[in-house]
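*Asks:* when you get a sec, could you give me coordinates for this:
(2 chains)
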Amino acid sequence: MNLQFLLGQALTNGLVIGLLYLLMAIGFTLVFGVMRIANFAHGEFYMLGAFVAFITVKWLGLPYIASVLAAFALALVLGWLIEVVVLKPFRGDELNGLIATLGLGMIIQNLALISFGPDPQSMPATVTGVFKMGSIVVPLSRLYVVAFSAAVLALLWFFLMHTRSGRALRAVVEDIEIARAQGIHAHIVYPLGFGLGVALAATAGALMAPVFSVSPFIGATPLFKAFIVVVLGGLGSIPGAALASLLLGLAESLGSTFFDGSTADMMIFVLVILVLVIRPSGLLGRAEN
Amino acid sequence: MKEETTIAAPAGSGADIEAAGGMGPLRWLALIVFAGIVAVPLFMTSPFYIHLAVLVCLNVTIASGLLMLSRTGQLSLCQAAFVGVGAYVSVLTGTHFAFPFLLSALLGAAASALVAFLLGAAILRLRGVYFVLITFAFGELFRLAMLQAAPITGGANGIAGIPSASIFGFDFDTRKAFYCLAAAVALASLAFLLALFRTAKGHAIDAAGQNPNLAEATGISVRNTQLFAFTVGSGFAGLTGALLASYVGYISPESFNTSVSIGVVIMLVVGGRNSVLGPLIGSFIMTPLPELFRGAVQSQNIFYGVALILILRFLPQGIAGLRLFRRIEGEQV
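*Replies:* Sure, this is the predicted structure:
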């Protein structure tokens, strides 16, 4: 157990965790960018994604990749519906919108509790075995997470940069007034932004389901991490989220190598506060007033 | 933190209209009904109902603290953590240094206010949503920290056998006696709010909440006003924590988790976020509600979620925004 090994292992784990946080945080920041609502129900969509993966793999016997796609698609449709039915009156209303998503989160979590019970269930591993590089050992199941997350992020990047709807979304994030004046359809962009954001959370949930266990309570931690990431990176900034989630993943992984998990969490919180005192708009956020 | 300007109360805030409204028959009636409700638990025999009445009083105090912050246009998702700070500080100073209850309760309240002041000073410069996210994170971290500090706080096992409150030799060791104490504190917190919203500081709070840019332009520091409300409101929470610990006799990190904080927000939204009556109505309705759902926590939470969204959508001023309550508060409708 030399230092080089510890560091190498911590960095690799940090990368895996960082990518997971990135999926969560990008979805969160996208929803905030479009709707100006901090979505406190975001973690519950992570949980729903994990359950979709669990059900489709264990009960329906679908292949893993199909289960991830199913989680994404279902969350997109559900998110779209929720936006239109529940959140529409709260578009652009920061405080009331936020409180409404608190209620939404309670509803989703307790429906899951009624349907699935509180006990954690474990999903069969997608792949077994490990990948060895020198003395560093990475379980193949985690490498899957890395590969899938990278693929999802690449697709998202392509969608946002090179498609009409993606450009419309970015225009709304940039400046809603101007975007409206340019003839962007609010009735498509808002539900699309919310649906896509929560679908990313569901994808993260589906990807992590075989690694961790599945229960109605698993959404809380990723939600908490997504908060830290977006606060650190600057709300609404996707590059900021990318930088912050990798930093957070690495810091956590290094921190918990040398301290225990909760201590690492508390140190990171203090660090985040310090960053905000020095740079109130986050690492890469725009200064706004 | 001093305001040179005395601005007029913004339209719709009770203060100046109340003076014009005077004490009409409706308000006298409301006052008598209220006094009756406050007195009822003194004549009840069922310990359970007195217990509920105590909890209502404690919740009124916590929600009143949050109301101040909410009227500045901010929201905290860690009020439970400040209740916890007050509870732990008062219990620990009481057991380790054998401080009398009154002193350790005041120390608990002061500790909560201090923590809120430090946290607020660091993050209230940020845009609204950041503040809410950070307070949410802080609430989680408080719970973690209490679990971590097991040698002092007892960790997940908590602290049991906390002695009941005793002030100047009088023991509040029966439910009824404690109800008197809790009701006195709740009434005092409401009286504080009523008095506050008649002063320049109270008007500054409303101005900051209703139009921050205009408030800044008239010389009110929105940040300092919010910091004041956050600090004082958290002090209320801390004091309630000390009372709660001495009443229940047991505290643990889970007594102060985020769902408790969200519960306070729900009370305030249901009761009304712009009226002093809000915390009162909210606690009165939401505290006994779990009894209707006994054994069905999930349906209860789903009901809470649905009620929250419906109230936000159709009654954004909460129940205190209904015509009857607005007239009781002295607004001419």
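*Asks:* remind me, longest helix of the chain?
*Replies:* You didn't pick a chain, so chain A it is. Once chain A is assigned using DSSP state H, the helix that runs over the most residues is helix A:3-35.
*Asks:* oops, I was thinking of chain B
*Replies:* Chain B, longest helix under DSSP H: helix B:222-248.
*Asks:* circling back: helix A:3-35 and the next helix or strand after the longest helix of chain A, what's the angle between them?
*Replies:* From helix A:3-35 onward toward the C-terminus, using DSSP states H and E, the following helix or strand is helix A:42-54. With axes from the mean of the first three to the mean of the last three CA atoms, to 10 degrees defining the directions, helix A:42-54 sits at 110 degrees from helix A:3-35.
*Asks:* how distant is the longest helix of chain B from the center of its chain?
*Replies:* Centroid separation for helix B:222-248 versus its chain: 7 Å, with CA atoms, centre = their mean, to the nearest Å.
*Asks:* and the pLDDT at whichever residue of the stretch 151-300 of chain B sits closest to chain A?
*Replies:* Chain A sits closest to residue B:298 of the stretch 151-300 of chain B, with a gap of 4.3 Å, by CB to the nearest CB. All C-beta atoms are positioned from the backbone trio N, CA, C, and that covers glycine. Listed pLDDT for residue B:298 reads 87.
*Asks:* pull the CA atoms of stretch A:265-281 into CSV?
*Replies:* Output of stretch A:265-281 as CSV, limited to C-alpha atoms (Å, rounded to 0.1, in the frame of the first residue of the first chain):
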residue,chain,number,x,y,z
ASP,A,265,-18.0,16.0,3.3
MET,A,266,-17.7,18.6,6.0
MET,A,267,-14.3,19.8,4.8
ILE,A,268,-15.7,20.1,1.3
PHE,A,269,-18.6,22.2,2.6
VAL,A,270,-16.3,24.6,4.3
LEU,A,271,-14.2,24.8,1.1
VAL,A,272,-17.3,25.6,-0.9
ILE,A,273,-18.2,28.4,1.5
LEU,A,274,-14.7,29.8,1.2
VAL,A,275,-14.9,29.7,-2.6
LEU,A,276,-18.2,31.6,-2.5
VAL,A,277,-16.8,34.2,-0.1
ILE,A,278,-14.0,34.9,-2.6
ARG,A,279,-16.0,34.3,-5.8
PRO,A,280,-19.7,34.8,-5.2
SER,A,281,-20.8,33.7,-8.7
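*Asks:* that one close to chain B?
*Replies:* Yes. Using CB under 8 Å from any CB of the partner chain, stretch A:265-281 reaches chain B at A:265-266, A:269, A:272-273, A:276-277, A:280.
*Asks:* chain B contacts on the stretch 1-150 of chain A?
*Replies:* Residues of the stretch 1-150 of chain A found near chain B (CB under 8 Å from any CB) are A:32, A:38, A:40, A:86, A:89-90, A:94-96, A:98-100, A:102-107, A:109-111, A:113-114.
*Asks:* filter those residues down to the buried ones, ChimeraX style.
*Replies:* In ChimeraX syntax, the buried subset of those is picked out as below (16 or more other CB atoms under 10 Å in any protein chain shown):
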select /A:32,38,40,86,90,94,95,96,98,99,100,102,103,104,105,106,107,109,110,111,113
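*Asks:* quick one: which of the residues of the stretch 1-150 of chain A next to chain B sit in helices?
*Replies:* Counting by DSSP H, the residues of the stretch 1-150 of chain A next to chain B place A:32, A:94-96, A:98-100, A:102-107, A:109-111, A:113-114 in helices.
*Asks:* quick one on the thing from earlier: any idea how far the residue of the stretch 151-300 of chain B closest to chain A lies from residue A:271?
*Replies:* Going from residue B:298 to residue A:271 by CB to CB, to the nearest Å gives 37 Å.
*Asks:* all strands of the stretch 51-200 of chain B, in order?
*Replies:* All strands of the stretch 51-200 of chain B, identified by DSSP state E, counting those that start in this stretch, fall at B:166-167, B:170-171.
*Asks:* can you give the strand pairings for the last one, parallel or anti for each?
*Replies:* Sheet neighbours of strand B:170-171, with direction, are listed as strand B:166-167 (antiparallel) (DSSP bridges).
*Asks:* ok, and what's touching the strand it pairs with?
*Replies:* Contact with strand B:166-167 is made by B:100-102, B:172-173, B:181, as judged by CB atoms under 8 Å, 6 or more residues apart in numbering or on different chains.
*Asks:* least confident of those residues?
*Replies:* For those, the weakest pLDDT value sits at residue B:173, with 79.
*Asks:* what's near enough to touch the closest residue to it other than its chain neighbours?
*Replies:* The shortest distance from residue B:173 to any residue other than its chain neighbours is 4.2 Å, reached at residue B:164 (CB to CB, 6 or more residues apart in numbering or on different chains). Residue B:164 sits next to B:171-173, B:178, B:246-247, B:249 when contact means CB under 8 Å, 6+ apart.
*Asks:* moving C-terminal of the helix or strand bottoming out on mean pLDDT in chain B, what's the next helix or strand?
*Replies:* Every helix and strand of chain B was ranked by mean pLDDT, DSSP states H and E. The lowest is helix B:14-21, at a mean of 45. Downstream of helix B:14-21, the next assigned helix or strand under DSSP H and E is helix B:25-39.
*Asks:* what about that next one, average pLDDT?
*Replies:* For helix B:25-39, mean pLDDT is 82.
*Asks:* please apply the same query to stretch B:258-277.
*Replies:* In this model, stretch B:258-277 has a mean pLDDT of 91.
*Asks:* same deal with stretch B:68-86?
*Replies:* Average pLDDT, stretch B:68-86: 94.
*Asks:* residue A:57 belongs to a helix, doesn't it?
*Replies:* Yes. The assignment for residue A:57, made by DSSP: H, G, I helix; E, B strand; the rest coil, places it in a helix.
*Asks:* residues contacting residue 124?
*Replies:* Answering for chain A, as no chain was given. A:57-58, A:210.
*Asks:* not quite, I wanted chain B
*Replies:* B:74, B:131, B:223, B:226-227, B:230 are the contacts of residue B:124 under CB under 8 Å, 6+ apart.
*Asks:* ok, 10 Å please
*Replies:* The neighbours of residue B:124, taking CB atoms under 10 Å, 6 or more residues apart in numbering or on different chains as the test, are B:72, B:74, B:130-131, B:134, B:222-227, B:229-230.
*Asks:* got the residues of the stretch 151-300 of chain B near chain A?
*Replies:* Proximity of the stretch 151-300 of chain B to chain A is confined to B:209, B:212-213, B:258-259, B:262, B:265-266, B:268-269, B:273, B:296-300 under the rule CB under 10 Å from any CB of the partner chain.
*Asks:* thanks again, I'm all set now.
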